[in-house]
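>>> Fold the following for me, if possible:
(2 chains)
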Protein chains: 2
Amino acid sequence: MIILGIDPGSVVTGWGVVETRGANLRGIDAGALKLGRGALEERLVKLFDGLSGVIEEHTPDQVAVEDIFFAKYPNAALKLGHARGVALLVAARAGLSVAAYPPAVVKRTVAGRGRADKTQVAQLVAAILGWQTKKTHYPIDATDALAIAITHARAASALGAGLPTKGRRARKSRKAR
Amino acid sequence: MIILGIDPGSVVTGWGVVETRGANLRGIDAGALKLGRGALEERLVKLFDGLSGVIEEHTPDQVAVEDIFFAKYPNAALKLGHARGVALLVAARAGLSVAAYPPAVVKRTVAGRGRADKTQVAQLVAAILGWQTKKTHYPIDATDALAIAITHARAASALGAGLPTKGRRARKSRKAR
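So this is what the prediction gives:
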(Lines give C-alpha, C1' and ligand atoms only; values in the text may rest on other atoms or scores of the structure.)
Protein backbone atom coordinates (compact mmCIF):
# COMPACT_ATOMS: atom_id res chain seq x y z
CA MET A 1 0.00 0.00 0.00
CA ILE A 2 1.32 3.44 -0.94
CA ILE A 3 0.52 6.27 1.46
CA LEU A 4 0.89 9.98 0.76
CA GLY A 5 1.30 12.20 3.80
CA ILE A 6 0.63 15.91 3.36
CA ASP A 7 1.64 18.75 5.69
CA PRO A 8 -0.32 21.67 4.22
CA GLY A 9 0.83 25.26 4.49
CA SER A 10 0.01 28.41 2.55
CA VAL A 11 3.72 29.17 1.98
CA VAL A 12 5.27 25.68 1.88
CA THR A 13 3.41 22.37 1.71
CA GLY A 14 5.36 19.25 2.57
CA TRP A 15 4.59 15.83 1.13
CA GLY A 16 6.01 12.37 1.71
CA VAL A 17 5.29 8.95 0.23
CA VAL A 18 5.84 5.66 2.04
CA GLU A 19 5.08 2.10 1.03
CA THR A 20 3.96 -0.62 3.41
CA ARG A 21 4.70 -4.28 2.82
CA GLY A 22 3.25 -6.24 5.68
CA ALA A 23 4.85 -4.72 8.77
CA ASN A 24 7.68 -3.15 6.76
CA LEU A 25 7.81 0.48 5.84
CA ARG A 26 9.78 1.94 2.97
CA GLY A 27 10.28 5.62 2.21
CA ILE A 28 9.64 6.30 -1.46
CA ASP A 29 9.98 10.02 -1.98
CA ALA A 30 9.30 13.34 -0.30
CA GLY A 31 9.48 17.01 -1.06
CA ALA A 32 8.31 20.51 -0.32
CA LEU A 33 6.14 22.57 -2.63
CA LYS A 34 7.26 26.18 -2.36
CA LEU A 35 4.27 28.29 -3.19
CA GLY A 36 6.07 31.59 -3.69
CA ARG A 37 5.15 35.06 -2.55
CA GLY A 38 2.22 35.82 -4.82
CA ALA A 39 -1.40 36.43 -3.87
CA LEU A 40 -2.96 33.65 -1.80
CA GLU A 41 -5.10 32.45 -4.71
CA GLU A 42 -2.01 32.12 -6.93
CA ARG A 43 -0.26 30.08 -4.24
CA LEU A 44 -3.31 27.83 -3.98
CA VAL A 45 -3.14 27.17 -7.73
CA LYS A 46 0.53 26.16 -7.31
CA LEU A 47 -0.49 23.88 -4.44
CA PHE A 48 -3.28 22.32 -6.51
CA ASP A 49 -0.96 21.73 -9.49
CA GLY A 50 1.91 20.51 -7.34
CA LEU A 51 -0.10 18.00 -5.32
CA SER A 52 -1.92 16.82 -8.43
CA GLY A 53 1.51 16.11 -9.93
CA VAL A 54 2.66 14.19 -6.85
CA ILE A 55 -0.49 12.04 -6.92
CA GLU A 56 -0.09 11.42 -10.63
CA GLU A 57 3.53 10.37 -10.21
CA HIS A 58 3.22 8.21 -7.10
CA THR A 59 -0.37 6.94 -7.43
CA PRO A 60 -0.94 6.61 -3.67
CA ASP A 61 -3.69 4.34 -2.36
CA GLN A 62 -4.43 6.52 0.63
CA VAL A 63 -3.78 10.04 1.84
CA ALA A 64 -3.17 11.28 5.39
CA VAL A 65 -3.07 14.84 6.72
CA GLU A 66 -2.82 16.42 10.13
CA ASP A 67 -5.93 17.30 12.03
CA ILE A 68 -5.63 20.86 13.17
CA PHE A 69 -7.13 22.72 16.08
CA PHE A 70 -6.24 26.25 17.02
CA ALA A 71 -6.82 27.83 20.35
CA LYS A 72 -4.76 30.85 19.34
CA TYR A 73 -4.04 32.65 16.08
CA PRO A 74 -7.40 32.31 14.31
CA ASN A 75 -6.11 34.19 11.27
CA ALA A 76 -3.26 31.72 10.92
CA ALA A 77 -5.88 28.95 11.18
CA LEU A 78 -7.90 30.60 8.46
CA LYS A 79 -4.96 30.82 6.05
CA LEU A 80 -3.84 27.28 6.86
CA GLY A 81 -7.44 26.18 6.27
CA HIS A 82 -7.22 27.55 2.71
CA ALA A 83 -4.21 25.34 1.96
CA ARG A 84 -5.61 22.31 3.77
CA GLY A 85 -8.89 22.68 1.86
CA VAL A 86 -7.06 22.56 -1.46
CA ALA A 87 -5.04 19.53 -0.29
CA LEU A 88 -8.21 17.63 0.69
CA LEU A 89 -9.81 18.64 -2.59
CA VAL A 90 -6.94 17.29 -4.69
CA ALA A 91 -7.00 13.97 -2.81
CA ALA A 92 -10.78 13.60 -3.04
CA ARG A 93 -10.83 14.52 -6.74
CA ALA A 94 -8.37 11.68 -7.31
CA GLY A 95 -10.84 9.35 -5.58
CA LEU A 96 -8.63 8.90 -2.52
CA SER A 97 -9.87 8.64 1.03
CA VAL A 98 -8.26 11.03 3.49
CA ALA A 99 -7.37 10.11 7.06
CA ALA A 100 -6.53 12.79 9.61
CA TYR A 101 -4.43 12.53 12.78
CA PRO A 102 -3.88 15.10 15.50
CA PRO A 103 -0.27 16.44 15.60
CA ALA A 104 0.30 14.91 19.04
CA VAL A 105 -0.58 11.45 17.70
CA VAL A 106 1.84 11.90 14.80
CA LYS A 107 4.65 12.92 17.17
CA ARG A 108 3.86 10.10 19.58
CA THR A 109 3.98 7.61 16.70
CA VAL A 110 7.40 8.63 15.44
CA ALA A 111 8.95 9.95 18.64
CA GLY A 112 7.15 7.96 21.34
CA ARG A 113 5.86 11.12 22.96
CA GLY A 114 3.62 14.06 22.12
CA ARG A 115 6.39 16.65 22.00
CA ALA A 116 9.36 16.65 19.68
CA ASP A 117 10.98 19.38 17.63
CA LYS A 118 11.33 19.34 13.85
CA THR A 119 14.95 18.15 13.95
CA GLN A 120 14.14 15.24 16.25
CA VAL A 121 11.18 14.27 14.06
CA ALA A 122 13.44 14.41 10.99
CA GLN A 123 16.03 12.11 12.60
CA LEU A 124 13.41 9.66 13.84
CA VAL A 125 11.63 9.56 10.49
CA ALA A 126 14.95 8.81 8.79
CA ALA A 127 15.65 6.05 11.33
CA ILE A 128 12.19 4.50 10.92
CA LEU A 129 12.61 4.46 7.14
CA GLY A 130 16.13 3.07 7.47
CA TRP A 131 17.75 6.13 5.94
CA GLN A 132 21.12 7.36 7.13
CA THR A 133 20.33 10.84 8.36
CA LYS A 134 23.18 12.45 6.43
CA LYS A 135 21.94 10.93 3.22
CA THR A 136 18.50 12.44 3.62
CA HIS A 137 18.33 15.26 1.14
CA TYR A 138 14.67 15.88 1.72
CA PRO A 139 13.83 19.35 2.99
CA ILE A 140 12.78 19.63 6.61
CA ASP A 141 9.27 20.60 5.48
CA ALA A 142 8.89 17.16 3.96
CA THR A 143 9.67 15.34 7.20
CA ASP A 144 6.41 16.17 8.93
CA ALA A 145 4.58 14.87 5.88
CA LEU A 146 6.57 11.62 6.07
CA ALA A 147 5.74 11.39 9.79
CA ILE A 148 2.03 11.71 8.96
CA ALA A 149 2.33 9.00 6.30
CA ILE A 150 4.14 6.75 8.79
CA THR A 151 1.42 7.36 11.38
CA HIS A 152 -1.24 6.31 8.91
CA ALA A 153 0.78 3.26 7.87
CA ARG A 154 1.04 2.14 11.52
CA ALA A 155 -2.65 2.73 12.13
CA ALA A 156 -3.68 1.05 8.88
CA SER A 157 -1.53 -2.03 9.40
CA ALA A 158 -2.77 -2.35 12.98
CA LEU A 159 -6.37 -2.00 11.90
CA GLY A 160 -6.23 -3.84 8.62
CA ALA A 161 -4.24 -7.04 8.58
CA GLY A 162 -3.92 -7.38 12.33
CA LEU A 163 -0.15 -7.28 11.98
CA PRO A 164 2.06 -6.68 14.99
CA THR A 165 2.35 -3.01 15.79
CA LYS A 166 5.61 -3.26 17.73
CA GLY A 167 4.28 -2.09 21.01
CA ARG A 168 2.44 0.91 19.62
CA ARG A 169 -1.24 1.10 20.20
CA ALA A 170 -3.25 1.22 17.03
CA ARG A 171 -4.91 4.52 16.43
CA LYS A 172 -8.05 4.49 14.45
CA SER A 173 -7.87 6.49 11.28
CA ARG A 174 -10.55 9.06 10.90
CA LYS A 175 -12.09 10.90 8.04
CA ALA A 176 -10.84 14.47 7.73
CA ARG A 177 -13.42 16.60 9.45
CA MET B 1 -18.39 44.01 -16.75
CA ILE B 2 -19.69 40.82 -15.16
CA ILE B 3 -18.89 40.29 -11.49
CA LEU B 4 -19.26 37.05 -9.54
CA GLY B 5 -19.66 37.41 -5.78
CA ILE B 6 -18.99 34.35 -3.65
CA ASP B 7 -19.99 33.76 -0.02
CA PRO B 8 -18.05 30.61 0.82
CA GLY B 9 -19.19 28.10 3.41
CA SER B 10 -18.37 24.45 4.05
CA VAL B 11 -22.07 23.50 4.13
CA VAL B 12 -23.62 26.04 1.74
CA THR B 13 -21.77 28.40 -0.58
CA GLY B 14 -23.72 31.31 -2.03
CA TRP B 15 -22.96 32.90 -5.37
CA GLY B 16 -24.38 35.88 -7.24
CA VAL B 17 -23.66 37.44 -10.62
CA VAL B 18 -24.23 41.11 -11.45
CA GLU B 19 -23.46 43.10 -14.55
CA THR B 20 -22.34 46.73 -14.58
CA ARG B 21 -23.10 49.08 -17.46
CA GLY B 22 -21.65 52.43 -16.61
CA ALA B 23 -23.26 53.35 -13.31
CA ASN B 24 -26.08 50.83 -13.76
CA LEU B 25 -26.20 47.49 -12.03
CA ARG B 26 -28.16 44.49 -13.22
CA GLY B 27 -28.67 41.25 -11.34
CA ILE B 28 -28.01 38.31 -13.64
CA ASP B 29 -28.35 35.18 -11.56
CA ALA B 30 -27.67 33.81 -8.09
CA GLY B 31 -27.84 30.56 -6.22
CA ALA B 32 -26.66 28.45 -3.33
CA LEU B 33 -24.49 25.38 -3.69
CA LYS B 34 -25.61 22.87 -1.10
CA LEU B 35 -22.62 20.73 -0.30
CA GLY B 36 -24.41 17.94 1.51
CA ARG B 37 -23.51 16.08 4.67
CA GLY B 38 -20.58 14.02 3.48
CA ALA B 39 -16.96 14.20 4.61
CA LEU B 40 -15.40 17.65 4.30
CA GLU B 41 -13.27 16.63 1.32
CA GLU B 42 -16.35 15.40 -0.56
CA ARG B 43 -18.10 18.70 0.10
CA LEU B 44 -15.05 20.55 -1.21
CA VAL B 45 -15.21 18.56 -4.44
CA LYS B 46 -18.88 19.59 -4.81
CA LEU B 47 -17.88 23.19 -4.19
CA PHE B 48 -15.09 22.98 -6.76
CA ASP B 49 -17.38 21.45 -9.37
CA GLY B 50 -20.27 23.79 -8.58
CA LEU B 51 -18.27 27.00 -8.75
CA SER B 52 -16.45 25.82 -11.86
CA GLY B 53 -19.87 25.35 -13.46
CA VAL B 54 -21.02 28.83 -12.42
CA ILE B 55 -17.87 30.40 -13.91
CA GLU B 56 -18.27 28.39 -17.10
CA GLU B 57 -21.90 29.45 -17.47
CA HIS B 58 -21.59 33.14 -16.58
CA THR B 59 -18.00 33.87 -17.69
CA PRO B 60 -17.42 36.64 -15.11
CA ASP B 61 -14.68 39.21 -15.64
CA GLN B 62 -13.96 39.55 -11.94
CA VAL B 63 -14.58 37.73 -8.70
CA ALA B 64 -15.20 39.16 -5.22
CA VAL B 65 -15.30 37.39 -1.86
CA GLU B 66 -15.55 38.47 1.73
CA ASP B 67 -12.43 39.07 3.73
CA ILE B 68 -12.73 37.18 6.97
CA PHE B 69 -11.26 37.69 10.37
CA PHE B 70 -12.14 35.68 13.42
CA ALA B 71 -11.57 36.72 16.96
CA LYS B 72 -13.63 33.79 18.23
CA TYR B 73 -14.37 30.29 16.97
CA PRO B 74 -11.01 29.39 15.42
CA ASN B 75 -12.27 25.95 14.39
CA ALA B 76 -15.12 27.56 12.49
CA ALA B 77 -12.51 29.82 10.85
CA LEU B 78 -10.48 26.78 9.92
CA LYS B 79 -13.42 25.02 8.26
CA LEU B 80 -14.52 28.18 6.50
CA GLY B 81 -10.93 28.63 5.35
CA HIS B 82 -11.13 25.23 3.60
CA ALA B 83 -14.14 26.36 1.57
CA ARG B 84 -12.75 29.84 0.89
CA GLY B 85 -9.47 28.30 -0.28
CA VAL B 86 -11.29 26.17 -2.83
CA ALA B 87 -13.32 29.20 -3.98
CA LEU B 88 -10.16 31.28 -4.51
CA LEU B 89 -8.55 28.34 -6.28
CA VAL B 90 -11.42 27.96 -8.75
CA ALA B 91 -11.35 31.69 -9.56
CA ALA B 92 -7.58 31.82 -9.97
CA ARG B 93 -7.52 28.67 -12.12
CA ALA B 94 -9.99 30.43 -14.43
CA GLY B 95 -7.52 33.32 -14.69
CA LEU B 96 -9.74 35.68 -12.71
CA SER B 97 -8.50 38.24 -10.24
CA VAL B 98 -10.10 38.08 -6.81
CA ALA B 99 -11.00 41.14 -4.75
CA ALA B 100 -11.85 40.85 -1.06
CA TYR B 101 -13.94 43.14 1.13
CA PRO B 102 -14.50 43.03 4.88
CA PRO B 103 -18.10 42.09 5.84
CA ALA B 104 -18.67 45.53 7.41
CA VAL B 105 -17.80 47.22 4.11
CA VAL B 106 -20.22 44.94 2.23
CA LYS B 107 -23.03 45.75 4.68
CA ARG B 108 -22.24 49.46 4.60
CA THR B 109 -22.37 49.42 0.80
CA VAL B 110 -25.79 47.78 0.55
CA ALA B 111 -27.34 48.95 3.83
CA GLY B 112 -25.56 52.24 4.50
CA ARG B 113 -24.24 50.97 7.81
CA GLY B 114 -22.00 48.21 9.13
CA ARG B 115 -24.76 46.20 10.78
CA ALA B 116 -27.74 44.65 9.03
CA ASP B 117 -29.35 41.23 9.32
CA LYS B 118 -29.70 38.75 6.49
CA THR B 119 -33.32 39.69 5.74
CA GLN B 120 -32.51 43.39 5.53
CA VAL B 121 -29.56 42.67 3.26
CA ALA B 122 -31.82 40.52 1.05
CA GLN B 123 -34.41 43.30 0.72
CA LEU B 124 -31.80 45.97 0.02
CA VAL B 125 -30.01 43.81 -2.54
CA ALA B 126 -33.34 43.23 -4.32
CA ALA B 127 -34.05 46.97 -4.25
CA ILE B 128 -30.59 47.87 -5.60
CA LEU B 129 -31.00 45.39 -8.43
CA GLY B 130 -34.54 46.64 -9.12
CA TRP B 131 -36.14 43.33 -8.21
CA GLN B 132 -39.49 43.16 -6.51
CA THR B 133 -38.71 41.38 -3.26
CA LYS B 134 -41.54 38.86 -3.61
CA LYS B 135 -40.31 37.88 -7.03
CA THR B 136 -36.86 37.08 -5.76
CA HIS B 137 -36.69 33.34 -5.73
CA TYR B 138 -33.03 33.25 -4.90
CA PRO B 139 -32.20 31.51 -1.65
CA ILE B 140 -31.15 33.70 1.25
CA ASP B 141 -27.64 32.23 1.06
CA ALA B 142 -27.26 33.79 -2.36
CA THR B 143 -28.05 37.31 -1.16
CA ASP B 144 -24.78 37.85 0.68
CA ALA B 145 -22.95 36.79 -2.45
CA LEU B 146 -24.94 39.34 -4.49
CA ALA B 147 -24.12 41.98 -1.85
CA ILE B 148 -20.41 41.19 -2.25
CA ALA B 149 -20.71 41.46 -6.04
CA ILE B 150 -22.53 44.80 -5.68
CA THR B 151 -19.81 46.06 -3.32
CA HIS B 152 -17.16 45.22 -5.88
CA ALA B 153 -19.17 46.80 -8.68
CA ARG B 154 -19.45 50.05 -6.70
CA ALA B 155 -15.75 50.03 -5.84
CA ALA B 156 -14.72 49.14 -9.38
CA SER B 157 -16.91 51.80 -11.05
CA ALA B 158 -15.67 54.41 -8.56
CA LEU B 159 -12.05 53.44 -9.13
CA GLY B 160 -12.18 52.64 -12.79
CA ALA B 161 -14.15 55.00 -14.96
CA GLY B 162 -14.45 57.78 -12.41
CA LEU B 163 -18.23 57.46 -12.58
CA PRO B 164 -20.40 59.05 -9.92
CA THR B 165 -20.64 56.84 -6.86
CA LYS B 166 -23.90 58.30 -5.53
CA GLY B 167 -22.51 59.58 -2.28
CA ARG B 168 -20.74 56.38 -1.39
CA ARG B 169 -17.05 56.57 -0.79
CA ALA B 170 -15.08 54.39 -3.12
CA ARG B 171 -13.42 51.53 -1.39
CA LYS B 172 -10.30 50.23 -2.87
CA SER B 173 -10.50 46.63 -3.92
CA ARG B 174 -7.81 44.45 -2.50
CA LYS B 175 -6.28 41.21 -3.44
CA ALA B 176 -7.57 38.33 -1.34
CA ARG B 177 -5.01 37.87 1.37
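>>> in what helix or strand does the closest residue to chain B within chain A lie?
Per Cβ to the nearest Cβ, residue A:81 is where chain A lies closest to chain B, at 2.2 Å. For the C-beta atoms, the positions are set from N, CA and C on the backbone; glycine is no exception. Residue A:81 is located in helix A:74-93, with elements delineated by DSSP states H and E.
>>> thinking again about what came up before, relative to residue B:127, how far out is the residue of chain A closest to chain B?
Using Cβ to Cβ, to the nearest Å, residue A:81 is found at 35 Å from residue B:127.
>>> These two: who's more crowded?
Between residue A:81 and residue B:127, counted using other Cβ atoms under 10 Å in any protein chain shown, the more crowded position is residue A:81 (28 against 12).
>>> so that one touches residue B:77, yeah?
Yes - applying Cβ atoms under 8 Å, one finds residue A:81 in contact with residue B:77, separated by 6.8 Å.
>>> which residues in chain A form helices?
Per DSSP state H, chain A carries helices over the ranges A:40-58, A:74-93, A:103-111, A:118-128, A:140-159.
>>> and residue B:7, which of those helices is closest to it?
Of all the helices of chain A, helix A:74-93 sits nearest to residue B:7, with 15.4 Å by Cβ to Cβ.
>>> so what does that closest one touch, helix or strand wise?
Secondary-structure packing of helix A:74-93 (3 or more Cβ pairs under 8 Å, 6 or more residues apart in numbering or on different chains; DSSP states H and E): strand A:2-7, helix A:40-58, strand A:62-66, strand A:98-101, helix B:40-58, helix B:74-93.
>>> what's the angle between the second one and helix A:74-93?
Helix A:40-58 runs at 40 degrees relative to helix A:74-93, counting by axes from the mean of the first three to the mean of the last three Cα atoms, to 10 degrees.
>>> Name the residues of helix A:40-58 that come out as buried.
Applying a neighbour-count criterion of 16 or more other Cβ atoms under 10 Å in any protein chain shown, one finds A:40-48, A:50-51, A:54-55 buried in helix A:40-58.
>>> Close to chain B as well: tell me which of these qualify.
Among the buried residues of helix A:40-58, proximity to chain B is found for A:40, A:41, A:42, A:44, A:45, A:48 (Cβ under 8 Å from any Cβ of the partner chain).
>>> and residue A:119, what does it touch?
Each residue near residue A:119 by Cβ atoms under 8 Å, 6 or more residues apart in numbering or on different chains is listed here: residue A:140.
>>> Please report the distance of it from residue A:126.
Noted for residue A:119: a distance of 11 Å to residue A:126, by Cβ to Cβ.
>>> cool, residue A:111 as well?
From residue A:111 across to residue A:126, the span is 12 Å (Cβ to Cβ).
>>> Equivalent analysis for residue A:55, please.
Per Cβ to Cβ, residue A:55 is found 24 Å from residue A:126.
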